[in-house]
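Peer 1: kindly return the folded structure for what I paste below:
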Amino acid sequence: MKKNIFAYFLTFTTIFVLLSACSSTEEETKAKKDQNKHSFHAENGDLREMTASISKPPKFLEGQHEQIQMVYSAVGEYQDLLENIPCYCGCGDSAAHKDNYDCFIHENKENGEVVWDDHGTRCGTCLDTAAKSINMLNEGKSIKDIRQYIDDTYKDGYAEPTPTPFPG
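Peer 2: Modelled structure (predicted):
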């Protein structure tokens, strides 16, 4: 009798584990398909992810340091500033970025959707440039003064800047 109960328990447990594994796999597959609809890798290897709006952060920020998340959440509000600020990490050559804004957001679509770029999650120069620029603007500095400060700060010992025109 104990053997029958043990066999029954073993069979039930095996079936339960198999069913659980199948449902987890189905859920994981569905999640990957859903994520793949909205994320892809650029030619340079950066992960890009589309969200419904600037207020909806990309999933690739989950698990990132709080300061990285803070910079990403602020970037959308400072597009006019950061499109006038170059990046000195080399992303102009490696990723065809035109300015510091491109390190975080690849595209703003007309319907409000945003294609985020994870480049900034791996680059201290990108993050530092954006954070300094935003802080300086909030302190009352002009975009021209901020641009000059960034150029002076990163002109030595860093890569060539992105091809960002000086603000007029």
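Peer 1: worst-scoring helix or strand of the chain, pLDDT-wise?
Peer 2: Least confident element among the helices and strands of the chain, by mean pLDDT, DSSP states H and E: helix 2-38 (a mean of 39).
Peer 1: quick one: the strands in the protein, in order.
Peer 2: Ranges of strands in the chain, per DSSP state E, are 39-41, 47-51, 105-108, 114-117.
Peer 1: quick one, which of those strands is nearest to A130?
Peer 2: Evaluated over the strands of the chain, closeness to A130 peaks at strand 105-108, with 10.7 Å, by C-beta to C-beta. All C-beta spots, glycine's among them, are computed from the backbone N, C-alpha and C.
Peer 1: list the buried ones in that closest one?
Peer 2: 105-106 (16 or more other C-beta atoms under 10 Å).
Peer 1: and if you look at stretch 106-118?
Peer 2: By 16+ other C-beta under 10 Å, the buried positions in stretch 106-118 come out as 106, 114-118.
Peer 1: pull the most distant pair out of these.
Peer 2: V114 and D118 (13.0 Å).
Peer 1: grab the nearest non-local neighbour of the residue nearest in space to the middle of the chain.
Peer 2: Closest residue to the average C-alpha location of the chain: D118 at 3.1 Å, with C-alpha atoms, centre = their mean. Nearest residue to D118, sequence neighbours excluded (C-beta to C-beta, 6 or more residues apart in numbering): L47, at 4.2 Å.
Peer 1: spit out the contact partners of Q67.
Peer 2: Taking C-beta atoms under 8 Å, 6 or more residues apart in numbering as the criterion, Q67 is in contact with 127, 131.
Peer 1: now it: how far from Y88?
Peer 2: Distance of Q67 to Y88, given as C-beta to C-beta, to the nearest Å: 19 Å.
Peer 1: so where's this protein uncertain?
Peer 2: Applying pLDDT under 70 to the chain flags residues 1-42.
Peer 1: 50 instead?
Peer 2: 1-36 (pLDDT under 50).
Peer 1: ok so, going back, now the strands of the chain as TSV including distance to F166?
Peer 2: Listed next are the strands of the chain as TSV, based on distance: least, C-beta to C-beta, whole Å:
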stretch	distance to F166
strand 39-41	32
strand 47-51	28
strand 105-108	21
strand 114-117	24
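Peer 1: what degree of burial does L127 show, as a neighbour count?
Peer 2: Applying other C-beta atoms under 10 Å, we find 22 residues neighbouring L127.
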